[in-house]
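**Q** here's a sequence, model it:
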Amino acid sequence: MKAQTATNPPTKPPYLQYPIIPAFPLMLTDGHSITKNDLKRNEKTMVFVFSVDCDHCKHLTEEVLKNISKFKKTQILMVTPFKVEQMKEYYDQYKIKDYPNIIMASEPTRQIMYFYDLHYFPGLYIYDKKQQFVKGFEGTAKVDSLLFYLNK
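**A** Below you'll find the predicted structure:
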């Protein structure tokens, strides 16, 4: 008698199975908690998953800030799996409070990493006005590529 071998097809990461902005609670720098329900409706969203000590993330943050006028119709949700205290340094260093369309939050349970199946920082995930997934990037991404998908 042969043993039954289960062949499991490769499963898609959760963000492709559930192509909407994840609903994890996120902690803001002031200690308040938000979810995707607190985001603006009818606006494109770029979820930017970053590490506070990642050089690629810092470089991309600088590039986005330099080109912030091109992102004015986009809400940028910057999420880090690091604790709020570590995130605050990054927030202050880049003067994120000066950019009304950027929300920076901490997700210290690291669910965001599993949701996006993220192996390399930064992770960038673009959603349309209905909060439906459009395109994802892992590792480095060029501002032009991000804008291409945001302006579709």
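
**Q** got the contact list for the longest helix anywhere in the chain?
**A** In the chain, assigned by DSSP state H, the helix with the most residues is helix 55-66. Residues from elsewhere that reach helix 55-66, judged by Cβ atoms under 8 Å, 6 or more residues apart in numbering: 48, 50-51, 71, 76, 78, 90, 94, 99, 121-122, 124, 139-141, 143, 146. (Glycine included, C-beta is placed from N, CA and C.)

**Q** what about 6 Å?
**A** 50-51, 94, 121-122, 140, 143 (Cβ atoms under 6 Å, 6 or more residues apart in numbering).

**Q** ok, which pair from those residues is furthest apart?
**A** Among those, the pair separated by the greatest distance (Cβ to Cβ) is Ser51 and Val143, at 19.0 Å.

**Q** quick one: which of those two has more around it?
**A** Ser51 (19 against 14; other Cβ atoms under 10 Å).

**Q** excluding chain neighbours, give the residue nearest to that one in space.
**A** Excluding the flanking residues, the one nearest Ser51 by Cβ to Cβ, 6 or more residues apart in numbering is Phe121, at 4.4 Å.

**Q** the one you found and Phe48 touch, don't they?
**A** No. Phe121 is beyond contact range of Phe48, at 9.8 Å (criterion: Cβ atoms under 6 Å).

**Q** compare these two and say which is more crowded by neighbours.
**A** Phe48 (25 against 22).

**Q** that's a strand at that one, yeah?
**A** Yes. Assigned with DSSP: H, G, I helix; E, B strand; the rest coil, Phe48 falls within a strand.
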